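Student: Dropping a prediction and its sequence here:
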Amino acid sequence: MTIRLLTAALFVAASPLALASGLGPDAITGVWQTESKGYVQIYKRDSDYVGRAVGDAEGKPRYDKNNPDKSKRGRPLLGVRLIRHLKHDSGSNYHDGEVYDPDNGKTYSLAGELVNRDTLHLRGYVGISLFGKTQTWHRIDPHRANVHEKQLHKPLAPGPGNE
């Protein structure tokens with residue numbers, strides 16, 4: 001009886017990971033709502049995944065007021081690349097990325113896990129993952145109000161100015 005309960009518990013615990021890993025590496029692509037109510041589109045660029053700000057739940061303009069480069073502090077966040085170099089690891093895991101946090105102007109190392117098709121855990125950290133913070137992002141419809149469709153990535157030929 002104990003073995004059956006343990007086996008059942010392991011199956012239930014592993015099932016979200018099994019579902020997520022069955023989605024494939026590109027399942028991370030789409031528009032996500034962050035914990036601070038920003039909208040970020042994650043898309044594939046070459047062999048990496050990147051993400052840029054494409055809107056805000058409240059529809060209010062947000063500015064890069066905490067950027068360490070003083071010349072960028074007045075720029076709108078709309079269109080700014082917030083995630084760079086994120087790579088698919090295996091199953092539902094991603095690693096070796098960087099995330100820019102406009103709330104404090106700092107850039108952190110980034111790892112992620114696609115929990116299921118509509119839930120993404122991203123962990124920003126300094127040095128090792130132990131020293132970091134995890135956020136849960138939720139997939140949203142790219143046609144939702146306040147998603148600036150003109151900011152959404154369209155597949156383009158590689159080249160300068162096509163970002």
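Tutor: Great, that's in hand.
Student: list the buried ones in stretch 93-111?
Tutor: Buried residues in stretch 93-111, counted by 16 or more other C-beta atoms under 10 Å: 93, 94, 95, 97, 98, 99, 100, 102, 108, 109, 110, 111. Placement of C-beta: from N, CA and C, glycine included.
Student: pLDDT averaged over whichever strand or helix holds the third one, what's the number?
Tutor: If I follow you right, that is residue 95. In this assignment (DSSP states H and E), residue 95 forms part of strand 93-101. Mean pLDDT, computed over strand 93-101, is 97.
Student: before we move on, what about stretch 68-78?
Tutor: pLDDT averaged over stretch 68-78 gives 96.
Student: Same check on stretch 35-42?
Tutor: Computed over stretch 35-42, the average pLDDT equals 97.
Student: Can you give the contact residues for it?
Tutor: 28-34, 49-58, 62, 77, 82-83, 86, 103, 135-137, 140, 142, 144, 146-147, 151-153 (C-beta atoms under 8 Å, 6 or more residues apart in numbering).
Student: How many residues are close by residue 53?
Tutor: For residue 53, the count of nearby residues is 24 (other C-beta atoms under 10 Å).
Student: In the protein, mark out all the strands, start to finish.
Tutor: For the chain, strands defined by DSSP state E occupy the ranges 30-33, 38-45, 48-56, 81-88, 93-101, 106-116, 119-125, 132-140.
Student: Quick check: which of the ones you listed is nearest to residue 24?
Tutor: strand 81-88 (8.9 Å; C-beta to C-beta).
Student: Output the contacting helices and strands for that closest one.
Tutor: strand 38-45, strand 48-56, strand 93-101, strand 106-116 (3 or more C-beta pairs under 8 Å, 6 or more residues apart in numbering; DSSP states H and E).
Student: Report the buried members of the contacts of stretch 35-42.
Tutor: 28, 30-34, 49-57, 62, 77, 82-83, 86, 135, 137, 140, 147, 152-153.
Student: In contact with residue 107, which residues are there?
Tutor: 98, 99, 100, 101.
Student: nope, residue 145 is what I was after
Tutor: Contacts for residue 145 were tallied using C-beta under 8 Å, 6+ apart; they are residue 59.
Student: and the contacts of residue 107 as JSON lines, adding distance to residue 129?
Tutor: Below are those laid out as JSON lines (distance: C-beta to C-beta, whole Å):
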{"residue": "98", "distance to residue 129": "14"}
{"residue": "99", "distance to residue 129": "13"}
{"residue": "100", "distance to residue 129": "18"}
{"residue": "101", "distance to residue 129": "16"}
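Student: Before I go, just wanted to say thanks for your time.
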